[in-house]
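Peer 1: let me see the structure of the following:
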Amino acid sequence: CLSNAAQNLSEHTKRDTKEMSVLNDLKDLLNLDVPPKYIESYDISNTQGENNVAGMIVFKDAKPYKKAYKRFKIKSFIGQDDYRSMAEVLDRRFTEYEKGEDPYFKTLPDLILLDGAKGQISAVIPVLKKHNINVPVFGLVKDSKHRTRAIATSGGDIDIKANRKTFSFITSIQDEVHRFAITYQRTLQSKKML
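Peer 2: Predicted structure coming up:
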């Protein structure tokens, strides 16, 4: 029994050390002040401008924190505009933060990752200023095969393929937020078709 407990503790400690290591690497790569222990990521999904939705996922201590995941229907306009959609979603998210009613919106993230590049970042910076929120924002850039390629900043891209741990971690975030958003969008599309 003691041997099993010791082995379990050892494996848990190794996982925690590995997870903290990737957060420290991400901190250094993005030039953050502290390792981002609470990360929010956003993605927009629609079908040719219909069923325009967004997904918000959270990684807490480098692991998915599914209790804090949120879905949004885009309400302020009809059609396809990823920039306006992203701005609306972040505006609604931080409005909820200011209300302080939802326990999962009460926590400010250490880092925000948007599915997209400079355009999405530029669209949400005014929203953060409006709410007086000071959280680093970066984009997740995909290649022509829809795979993670780089992290976008307001000034350009940061290549992440050289650091395998960080690349795998960022890819897992981008894949998860995409899966979450598109699943919600497909559910709405199926209901509409029925």
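Peer 1: what are the bridge partners for the residue nearest to the spatial centre of the chain, then?
Peer 2: Taking CA atoms, centre = their mean, the centroid of the chain lies closest to Ser41, which sits 0.9 Å from it. When bridges are called by DSSP bridges, Ser41 pairs up with Ile57, Leu113.
Peer 1: ranges for the strands of this protein?
Peer 2: In order along the chain, the chain carries the following strands (DSSP state E): 38-47, 50-60, 63-64, 70-73, 111-115, 137-142, 148-153, 156-159.
Peer 1: quick revisit: the residue nearest to the centre of the chain contacts Gln120, doesn't it?
Peer 2: No: under the contact definition of CB atoms under 8 Å, Ser41 does not touch Gln120, with a separation of 11.5 Å. Using the backbone N, CA and C atoms, a C-beta is placed for each residue, glycine as well.
Peer 1: what is in contact with the two at once?
Peer 2: In terms of CB atoms under 8 Å, 6 or more residues apart in numbering, Ser41 and Gln120 are both contacted by the residues Leu114.
Peer 1: show me what contacts Gly119?
Peer 2: Contact partners of Gly119, counting by CB under 8 Å, 6+ apart, are Asp82, Tyr83.
Peer 1: same thing but 6 Å
Peer 2: Each residue near Gly119 by CB atoms under 6 Å, 6 or more residues apart in numbering is listed here: Tyr83.
Peer 1: ok, Lys63 to Lys129 distance?
Peer 2: Taking CB to CB, to the nearest Å as the measure, Lys63 and Lys129 are separated by 31 Å.
Peer 1: kindly report the same for Thr95.
Peer 2: Taken as CB to CB, the span from Thr95 to Lys129 is 14 Å.
Peer 1: of those two, who's got more company?
Peer 2: In this view Thr95 and Lys129 are compared by other CB atoms under 10 Å, and Thr95 has more residues nearby, 13 against 10.
Peer 1: okay, now the nearest residue to the more buried one once chain neighbours are set aside: neighbour count?
Peer 2: When the adjacent residues along the chain are set aside, Thr95 lies closest to His131, with 7.4 Å between them (CB to CB, 6 or more residues apart in numbering). Residues contacting His131 under the criterion other CB under 10 Å number 15.
Peer 1: quick one: pLDDT of His131?
Peer 2: For His131, the pLDDT comes out at 97.
Peer 1: the one 3 residues further on now?
Peer 2: In this prediction, Asn134 carries a pLDDT score of 96.
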